[in-house]
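Asks: kindly generate the corresponding structure for this input.
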Amino acid sequence: MDFDAIVVGSGMSGGWVAKELCERGLKTLVIERGQHVTHGEDYLDYKSPWELENFGRVSEEELARDYPIQKECYAFTTANKRFWVKDSDHPYITPEGRPFHWLRGYHLGGRSLLWARHSYRWSDLDYEANLKDGHGVDWPIRYADTKRWYDHVERFAGVSGSKEGIANLPDGEFLPAMELNVVEKAFKHNLEAHFPGRKLIMGRVAHLTQPTEEQDALGRGACQYRDFCYRGCSFGAYFSSLSATLPAAERTNNLTVVTDAIGHSVIYDPATGRASGVRVIDQNTKQGRTYTARIVFLCASTIGTAQIMLNSTSDHFPTGIANKSDQVGRNLMDHICGIRISGTVPGYEDRYYAGRRPAGFYIPRYRNLHNEQGGAFVRGFGFQGGASREDWQRGGWQAGVGEELKTRLREPGKWTLSMSGFAEMLPHPDNRVTLHATQKDKWGIPLVVIDCIHRENDEKLIAQAFDDGEEMLKAMGCTDIDVGRTQGAAGPGFGIHEAGTARMGRDPATSVLNSWNQAHDVQNLFITDGSCFASGACQNPSLSYMALSARAANHAADLMQQGAL
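Replies: Okay, the predicted model is just below:
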């Protein structure tokens, strides 16, 4: 064998698996399909907006030609264009009238360089939901199975937040929380007074507010409140694979990283009944090669992992490796987002704030907390948002010229309060990823077909979230309230929280993975990215990716030490 372990993908999940395996003494290969990125050196976070190419804006011609999908993300600029795929080079297929916006980047560190960093634990409300309301399959784990791993990843990654005692949003191992500004504090007071059971807290985010000795040793520093996070962070203040897990893995001398290596398929050995390695295609030469290992972890992202599994056919697995259940590719979910509400807050003209805080507030889920039956809908939603004052950049869309304009822009503008709902999308077997029978990409890999839509319960959650958001801003006394009800929520994909295509479960007939993220059908194949989710909850998923990845990696290492793998 070339290695003890192969990890396909270097992002949120892959970085954690690599760190844990390397620290347990396993010689580990990380395969990344995209380009190499050097932490710090390859970021443009030190440039002011006016120093960026075209003030950060990509030309309309280039957007239409190469980035018709990626351009839809708020974080896409000339400062990080290299961290987004060219849609022209990486096509996929969706049925007519059923678009899916697959927002992604192929590079070392993956989307851990681009994420919004909100980090929330799940509770048994989330793990038990499928069993109690009859959607999907029952998770084979509960909060008690993951608590110590949430503790573990929070301490290492660095999550700032406050302990609130909210049953459905468990407290964690937090660094000091960032501070709400004056209008957000007023909104919190108003909200909690008018709507008992609803609570507003400072967002729990993977930003170092007070680095620990371990984080200092990795060269990570405290957040500078610049809010250039989507360009990469040279300070290492926010958690990413490049700032934290991969450096930790590298210092063990057990890590090997290969970039520009596109995962093609997992090799199945019928003689042993196990995976023996991974085939890759060189991104630049288009030549194939194979790496072998005792265990394989797929962490290539929900859709990417499904593509690799479905492409891993053999006599034993004619529809894809570990797919005896016919569940690989099914039950694709994404958080329902784009439920935006904003308004002007009167008063507070004499108040301001310092810096550009890179996070906002969070209103945790408050509906259906007891898994009520017989209501208009099941599950729920939370809100993320913030209050701010318009700054000089508002001059870009205001009439004016010369001294009058400059003088006016020296004073801060009005206070605005805005928030966006994130709702849970139910698992559904017909929301799925398949491979096209004939069309292939430039590397000869079958194109992904994504067929995913919002369904009845999803639409009911959207309507309720719009109503609730408007009601909360009205209670605050906001004026000029803008509710995006007519345009509706964003379609699937915009949440960038894909999950579910290789779900965990108790029964091998209806699920792909067991309680340790281990394939029912292939004992030494593990999957720890969003593919493994049996449901999506409404919290941001990345902290759960981390916890499940660390948990599965240590279980795999235990099995190897015991001689079981």
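
Asks: give the contact list for the residue nearest to residue 34 when sequence neighbours are not counted.
Replies: Once flanking residues are discounted, residue 34 sits nearest to residue 106: 3.1 Å by CB to CB, 6 or more residues apart in numbering. In short, each C-beta sits where N, CA and C put it, glycine included. Listed by CB atoms under 8 Å, 6 or more residues apart in numbering, the contact set of residue 106 reads 32, 33, 34, 35, 85, 90.

Asks: can I get those in TSV with distance to residue 193, neighbour count and pLDDT?
Replies: TSV is the format used below for these (distance: CB to CB, whole Å; neighbours: other CB atoms under 10 Å; pLDDT from 0 to 100):
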residue	distance to residue 193	neighbour count	pLDDT
32	50	28	98
33	51	26	98
34	49	22	97
35	52	16	97
85	47	18	97
90	50	17	97
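
Asks: and the helix or strand of the chain with the lowest mean pLDDT, what's buried?
Replies: Within the chain, no helix or strand scores below helix 402-409, which has a mean of 78 by mean pLDDT, DSSP states H and E. Within helix 402-409, the residues that count as buried by 16 or more other CB atoms under 10 Å are residue 409.

Asks: helix or strand right after that helix?
Replies: Following helix 402-409 in sequence order, the next helix or strand is strand 415-423 (DSSP states H and E).

Asks: tell me which residue lies farthest from the centre of the protein.
Replies: residue 403 (45.0 Å; CA atoms, centre = their mean).

Asks: measure it to residue 50 for me?
Replies: With distances taken as CB to CB, to the nearest Å, residue 403 is found 20 Å from residue 50.

Asks: got any ranges where the protein has weak pLDDT?
Replies: 371-374, 392, 394-397 (pLDDT under 70).

Asks: which secondary structure elements does the least confident helix or strand of the chain contact?
Replies: Using 3 or more CB pairs under 8 Å, 6 or more residues apart in numbering; DSSP states H and E, no helix or strand is in contact with helix 402-409.

Asks: pull the CA atoms of it into CSV?
Replies: Taking Å, rounded to 0.1, in the frame of the first residue of the first chain, the C-alpha atoms of helix 402-409 are listed here in CSV:
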residue,chain,number,x,y,z
GLY,A,402,-17.7,67.6,-6.1
GLU,A,403,-17.5,69.3,-2.7
GLU,A,404,-21.2,68.9,-1.9
LEU,A,405,-21.0,65.1,-2.4
LYS,A,406,-17.8,64.7,-0.5
THR,A,407,-19.0,66.8,2.4
ARG,A,408,-22.3,64.8,2.6
LEU,A,409,-20.4,61.5,2.6
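
Asks: distance between that helix and the chain's centre?
Replies: With CA atoms, centre = their mean, to the nearest Å as the basis, helix 402-409 stands 41 Å off its chain's centre.

Asks: output the contacts of residue 106 in TSV; the columns should cover distance to residue 485 and secondary structure.
Replies: Putting the contacts of residue 106 into TSV (distance: CB to CB, whole Å; DSSP: H, G, I helix; E, B strand; the rest coil) gives the following:
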residue	distance to residue 485	secondary structure
32	41	coil
33	40	coil
34	38	coil
35	41	strand
85	32	coil
90	34	coil
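
Asks: closest one of these to residue 494?
Replies: residue 85 (15.9 Å; CB to CB).

Asks: how about the strands in the stretch 101-250 of the chain?
Replies: Ranges of strands within the stretch 101-250 of the chain are 159-160, 174-175, 201-202, based on DSSP state E, counting those that start in this stretch.

Asks: looking at these, which is buried most?
Replies: Ranked by mean neighbour count under mean count of other CB atoms under 10 Å, the strands of the stretch 101-250 of the chain are led by strand 159-160, which reaches a mean of 25.

Asks: hmm, who's touching that one?
Replies: So strand 159-160 is contacted by 119, 172-178, 204-209, 239, 543 (CB under 8 Å, 6+ apart).

Asks: only the buried subset of those, as a PyMOL command please.
Replies: A single PyMOL command is used to select the members of the contacts of strand 159-160 judged buried by 16+ other CB under 10 Å:
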select buried, resi 119+172+173+174+175+177+178+204+205+206+207+208+209+239+543
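
Asks: what about the contacts of strand 159-160, which are in helices?
Replies: Of the contacts of strand 159-160, the ones assigned to helices by DSSP state H are residue 543.

Asks: my guess is residue 556 contacts residue 565. True?
Replies: Yes: here residue 556 reaches residue 565: they are 6.8 Å apart, a contact under CB atoms under 8 Å.

Asks: who has more neighbours, those two?
Replies: Taking neighbours as other CB atoms under 10 Å, residue 556 and residue 565 compare with residue 556 leading, 29 against 18.

Asks: helix, strand or coil: sort out that one for me.
Replies: helix (DSSP: H, G, I helix; E, B strand; the rest coil).

Asks: can you tell me which residues contact it?
Replies: 5, 21, 295, 297, 516, 518, 526, 565.

Asks: thinking residue 80 is in contact with residue 107, fair?
Replies: No: in this structure, residue 80 is not within contact of residue 107 by CB under 8 Å, at 10.1 Å.

Asks: identify the contacts common to those two.
Replies: By CB under 8 Å, 6+ apart, the residues touching both residue 80 and residue 107 are residue 113.

Asks: and the residue farthest from the centre of the chain, how far from residue 409?
Replies: Distance of residue 403 to residue 409, given as CB to CB: 11 Å.

Asks: re earlier: among the contacts of residue 556, who's most crowded?
Replies: When neighbours are counted by other CB under 10 Å, residue 297 leads these with 31 neighbours.

Asks: can I assume that one sits in a strand?
Replies: Yes: Residue 297 sits within a strand when classified using three-state DSSP.

Asks: use 522 as the first number from now on
Replies: Taking 522 as the first residue, the last one we looked at is residue 818.

Asks: surely residue 795 touches residue 1040?
Replies: No: applying CB under 8 Å, one finds residue 795 not in contact with residue 1040, separated by 10.0 Å.

Asks: mutual contacts of the two, please.
Replies: Here residue 795 and residue 1040 have residue 1046 as joint contacts, going by CB under 8 Å, 6+ apart.

Asks: those two: who's more crowded?
Replies: When residue 795 and residue 1040 are compared for neighbours, residue 1040 comes out ahead with 27 against 18, by other CB under 10 Å.

Asks: quick one, phi psi at the more buried one?
Replies: Phi and psi for residue 1040, reported as degrees, to the nearest 10, are phi -60, psi 130.

Asks: contacts only, for it.
Replies: Applying CB under 8 Å, 6+ apart, we find residue 1040 in contact with 842, 843, 1033, 1034, 1046, 1047, 1048.

Asks: which one among those gets closest to residue 617?
Replies: Minimum distance to residue 617 across the contacts of residue 1040 is 29.3 Å, recorded for residue 1033 (CB to CB).

Asks: and the residue nearest to the closest one when sequence neighbours are not counted, what is it in contact with?
Replies: Of all residues not flanking residue 1033 in the chain, residue 1023 sits nearest, at 4.2 Å (CB to CB, 6+ apart). Residues counted as contacts of residue 1023 (CB under 8 Å, 6+ apart) are 819, 826, 827, 830, 843, 848, 849, 1033, 1034, 1048, 1052, 1053.

Asks: pretty sure the fifth one belongs to a strand, no?
Replies: Same thing as residue 843. No: applying three-state DSSP, one finds residue 843 to be coil, outside a strand.

Asks: which residues touch it?
Replies: By CB under 8 Å, 6+ apart, residue 843 lies in contact with 830, 849, 1023, 1033, 1040, 1041, 1042, 1043, 1046.

Asks: skipping adjacent residues, who's closest to it in space?
Replies: Among residues not flanking residue 843 along the chain, residue 1040 sits closest, at 3.9 Å (CB to CB, 6+ apart).

Asks: partners of that neighbour in the sheet?
Replies: residue 1034 (DSSP bridges).
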